[in-house]
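Visitor: What would the 3D arrangement of this be:
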Amino acid sequence: MHSILFQITSKITSLARSGYITHARKLFDEMKKRDAVAWNSMLTGYSHLGLHQEALSLFRQMRTSNTKPDHFTFTTTLNACGASSSLRNGTKIHALVIVLGCQSSIPVNNSLIDMYGKCLCPFSANKVFQEMIDSNEVSWGSLLFAYTNSGQFDAAASVFKSMPKKVDVAWNIMISGLGQYGEIELCLEMFKEMRESFCEPDQWTYSALISACTESLELVYGCMMHAVVIKAGWSSAMEANNSILSFYAKLGSLNDAVKVFESMGTLTQVSWNAIIDVFMKAGDTSEAFLSFQRMPDKNVVSWTSMITGYARNGYGEEALDFFVGMIRNCLLPDDFTFGAVLHACSSLAILGHGRMVHGCVIRHGFHAHVYIGNGLVNMYAKCGDLEGSNLAFNDIYEKDLVSFNSMLFAFGLHGKGTQALQLYEDMVASGIKPDKVTFIGLFLTCSHSGLIDKGLEFFESMRLVHGLSFNMDHVACMVDMLGRGGYLAEAKELAIKHSKTGDVKTSSCEPLLGACSTHGEVETGTNVGETLKDLEPHKETSYYVLRSNLYCASGRWKEAEMVRKEMVDEGLKKIPGCSWIEVGNKVTAFVAGQSQPCMEELYTTLHFLELEMRHPCFIDCEN
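Guide: Numbers count the residues shown, from 1 in each chain. You can find the predicted model right below:
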């Protein structure tokens, strides 16, 4: 029996390490008897692949079995808690560690310190450290990380000074922590002190320094550190090279990134993923695809980079194809993958595919993730399913500011002003402070719902109550709201008042010109149009179209025709409007100026819909 148990456990470990975690879990579930080693093998497999929620779920199943967790179980599970920032589960496991008498284990205590550090609770990490009878270099390093990760650098400096021995890792933790907060000058100072203390920097040191340059977006510092790496003889070091590649990728230096990539002797998955990201950020999807094909081994990050890149560059269908290909290749998507593919579904407004992805989210246990939940709220809203958006919002266990903002935009997008304002009140009551994005959602909602007084009230409270400054988008939304409501004089006054910067003035002119067109204010509209033309000459097409619409709305057809003729003489052409609809999982696009096979039936249907919409029985009294 022990021999069979050992063989099956070894097979589970081998499958998990090879990435076949689904097959490993199937074999694990078929085991008639499991010991702690078998449970730990499965837990480790999930943890190493970054499937932390699955690891925590499996740990809960272990607790309901007759198997007692040991210190290996706790270290693996605490690692999953830290990696997923699950403080709630981490504190529960800490209590269980005490109950089962494992608090004397140095590896378990080190894992507890690390978990609290990753969950931004340095006080709890320090408490565990102080209660330890014995400690080692890992204990000190974990405590140091706990403080740097939360930005408490004074406390971190105190711990660093108290360390019995300052090893390379300690210096690297300090440099990396400062770099995460963009403190590039302090990083370089720390690097100088490290060299003066006769502690030799390694590739992880240089990697941390270059990552700090990446966070600060300082090209000069990054190039300087690149030169230092070469001079120090670490130009062939894998980690340092990958950091340099990521640095050039982040700053959009395509040529420099390609040079570094081509000069690298050893290419890892990180290297390939970085170059894919470089090409995608540059909009070169073809080169990104070729790099993806050339990769000897593709992981979840590789597939996710392709999906994200395609979605970012407007190739939503290609992003969906890659997601399906990833599933077919038996690779488990993570939260970033689902976030990217949901963005693709949102941009395409394909509800059927969005629901399919939602099903995958539930199947893989990611529906409780706030990041995924926010993506689902946005996807359903963009696809026209407000009920689905609301259900996804309610399914989010711990809602954050993005959750409320996403749902606020969903209500506003669908003209549900009352629900949007109620949601805002619920958000404030829950203790979540609104940001600038929140107020854009509120202004859009008030604009589309005709809530002029409420919009003006929010506009004043934004600065006076919440201490937030206006930017071009806020002013443009308010001008649009007043213009839609027919308050053209007030809209113009507001636009002039906030026209000290060119961006605000430009963004205010377009909605104001549109409002003039709607209300037939030709004189005001013409003046605004001329201002817009002077401010943004590259938007001449927009100016001519809005001006033409202004004359058409006023019945001045001759002037409208003259404006159109001016466009032709200038060689300008309006980009045709496009919309699409999904029926039976098939998307049909409608482009202005192009006919469809069933035009007569479409016009007949639209005619009847218009009659029904104008009928008093169908008027929505609420909004």
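
Visitor: quick one: Arg60 from Leu112, how far?
Guide: 19 Å (CB to CB, to the nearest Å). The C-beta positions use only the backbone N, C-alpha and C, and glycine is treated the same way.

Visitor: the more surrounded of those two?
Guide: Leu112 (30 against 11; other CB atoms under 10 Å).

Visitor: For the more buried one, pull up the helix or strand it's in.
Guide: helix 106-118 (DSSP states H and E).

Visitor: likewise Ile581?
Guide: strand 578-583.

Visitor: Let's see the pLDDT reported for Gln293.
Guide: The score at Gln293 is 91. That number is its pLDDT.

Visitor: Check which element follows the helix or strand hosting Asn394 along the chain.
Guide: Using DSSP H and E, Asn394 falls within helix 386-395. Once helix 386-395 ends, the next helix or strand along the chain (criterion: DSSP H and E) is helix 401-413.

Visitor: in which helix or strand would I find Phe590?
Guide: Counting by DSSP H and E, Phe590 is found in strand 586-591.

Visitor: The helix or strand just after that strand - contacts with which helices or strands?
Guide: Later in the chain than strand 586-591, the nearest helix or strand by DSSP H and E is helix 599-614. Packing contacts for helix 599-614, counted by 3 or more CB pairs under 8 Å, 6 or more residues apart in numbering; DSSP states H and E, involve no helix or strand.

Visitor: And helix 599-614, how far out from the chain middle?
Guide: Helix 599-614 sits 41 Å away from the centroid of its parent chain (CA atoms, centre = their mean, to the nearest Å).

Visitor: Please determine how far the residue of the chain positioned farthest from its centre is located from Glu566.
Guide: Distance from the C-alpha centroid of the chain peaks at Lys558, with 49.7 Å (CA atoms, centre = their mean). Note on Lys558: its distance to Glu566, by CB to CB, is 13 Å.

Visitor: Please apply the same query to Gly412.
Guide: If you go by CB to CB, the gap between Gly412 and Glu566 works out to 37 Å.

Visitor: same deal with Ala489?
Guide: 29 Å.

Visitor: now Ser142
Guide: Distance from Ser142 to Glu566, by CB to CB: 70 Å.

Visitor: Settle it for me: which of the two has more neighbours?
Guide: The neighbour comparison of Ser142 against Glu566 (other CB under 10 Å) goes to Ser142, with 25 against 14.

Visitor: That one and Met115 touch, don't they?
Guide: No - if you go by CB atoms under 8 Å, Ser142 and Met115 don't touch, sitting 9.2 Å apart.

Visitor: What is the neighbour count of the nearest residue to Tyr20 once chain neighbours are set aside?
Guide: Closest residue to Tyr20 in three dimensions, ignoring its sequence neighbours and counting by CB to CB, 6 or more residues apart in numbering: Cys330, at 6.8 Å. For Cys330, the count of nearby residues is 11 (other CB under 10 Å).

Visitor: same deal with the one 4 residues further on?
Guide: When counting by other CB under 10 Å, one arrives at 21 neighbours for Asp334.

Visitor: again, but for Glu30
Guide: 8.

Visitor: Contacts only, for it.
Guide: With CB atoms under 8 Å, 6 or more residues apart in numbering as the criterion, no residue contacts Glu30.

Visitor: quick one: pLDDT of it?
Guide: The model's pLDDT for Glu30 equals 86.

Visitor: Torsion angles phi and psi at it?
Guide: phi -80, psi -10 (degrees, to the nearest 10).

Visitor: Distance-wise, check it relative to Met62.
Guide: Following CB to CB, the distance that separates Glu30 from Met62 is 17 Å.

Visitor: got it, and Ala288?
Guide: 42 Å.

Visitor: and if you look at Cys223?
Guide: From Cys223 to Met62 the distance is 51 Å (CB to CB).

Visitor: Go through whichever strand or helix holds Glu193 and flag the buried ones.
Guide: Taking DSSP H and E as the criterion, Glu193 maps to helix 184-196. Within helix 184-196, the residues that count as buried by 16 or more other CB atoms under 10 Å are Ile184, Leu186, Cys187, Leu188, Met190, Phe191, Met194.

Visitor: Let me have those in TSV, adding distance to Ser263 as columns.
Guide: Below are the buried residues of helix 184-196 laid out as TSV (distance: CB to CB, whole Å):
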residue	distance to Ser263
Ile184	25
Leu186	30
Cys187	25
Leu188	25
Met190	28
Phe191	24
Met194	27
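
Visitor: between these, which is nearest Thr214?
Guide: Of all the buried residues of helix 184-196, Thr214 sits closest to Ile184, with 9.9 Å by CB to CB.

Visitor: So what's the predicted local confidence for the nearest residue to the closest one once chain neighbours are set aside?
Guide: Counting by CB to CB, 6+ apart, Ser216 is the residue found nearest to Ile184 once chain neighbours are left out, at 4.3 Å. Model confidence at Ser216, expressed as pLDDT, equals 73.

Visitor: Contact partners for Ser216?
Guide: Counted by CB under 8 Å, 6+ apart, Ser216 has contacts Gly179, Gly182, Ile184.

Visitor: same check, this time on Ser142
Guide: Asn110, Ile113, Asp114, Gly117, Ala125, Phe129.

Visitor: Name the SS class of it, please.
Guide: Assigned with DSSP: H, G, I helix; E, B strand; the rest coil, Ser142 falls in the helix class.

Visitor: Make residue 1 into 51 and carry on from there
Guide: Done: numbering now begins at 51, and the last item shifts to Ser192.

Visitor: Tell me the pLDDT of it.
Guide: Confidence score, pLDDT, at Ser192: 92.

Visitor: Against Thr126, how distant is it?
Guide: 16 Å.

Visitor: quick one, what contacts His524?
Guide: So His524 contacts Lys486, Phe489, Ile490, Phe493, Phe509, Met512 (CB under 8 Å, 6+ apart).

Visitor: check which helix or strand covers the residue farthest from the centre of the chain.
Guide: Using DSSP H and E, Lys608 falls within helix 607-620.

Visitor: Mind checking the pLDDT average for that helix?
Guide: For helix 607-620, the per-residue pLDDT averages 71.

Visitor: now do stretch 278-291
Guide: Per-residue scores along stretch 278-291 average to 78.

Visitor: Repeat that for stretch 313-324.
Guide: Mean predicted lDDT for stretch 313-324 stands at 82.

Visitor: neighbours around Ala338, how many?
Guide: For Ala338, using other CB under 10 Å, the count is 23.

Visitor: Wait, a helix at it?
Guide: Yes - per three-state DSSP, Ala338 lies within a helix segment.

Visitor: Go ahead and confirm it touches Ile326.
Guide: Yes - with contact defined as CB under 8 Å, Ala338 counts as touching Ile326 (4.9 Å).

Visitor: Need the overlap of contacts for the two.
Guide: Common neighbours of Ala338 and Ile326 (CB under 8 Å, 6+ apart) are Ser355, Met356, Gly359.

Visitor: quick one: what helix or strand has the first one in it?
Guide: So that's Ser355. helix 350-362.

Visitor: Check which helices and strands that helix sits against.
Guide: Secondary elements touching helix 350-362 (3+ CB pairs under 8 Å, 6+ apart): helix 319-331, helix 335-344, helix 366-378, helix 385-398.

Visitor: Can you show me the CA trace of it as PDB?
Guide: The C-alpha trace of helix 350-362 is given here as PDB (Å, rounded to 0.1, in the frame of the first residue of the first chain):
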ATOM      1  CA  VAL A 350       0.300  31.300 -19.300                       C
ATOM      2  CA  VAL A 351       2.100  34.700 -19.500                       C
ATOM      3  CA  SER A 352       2.900  34.100 -23.200                       C
ATOM      4  CA  TRP A 353      -0.700  33.400 -24.100                       C
ATOM      5  CA  THR A 354      -2.000  36.200 -21.900                       C
ATOM      6  CA  SER A 355       0.500  38.700 -23.500                       C
ATOM      7  CA  MET A 356      -0.900  37.900 -26.900                       C
ATOM      8  CA  ILE A 357      -4.500  38.200 -25.800                       C
ATOM      9  CA  THR A 358      -3.800  41.500 -24.000                       C
ATOM     10  CA  GLY A 359      -1.900  42.900 -27.000                       C
ATOM     11  CA  TYR A 360      -4.500  42.000 -29.500                       C
ATOM     12  CA  ALA A 361      -7.300  43.400 -27.300                       C
ATOM     13  CA  ARG A 362      -5.300  46.600 -26.700                       C
END
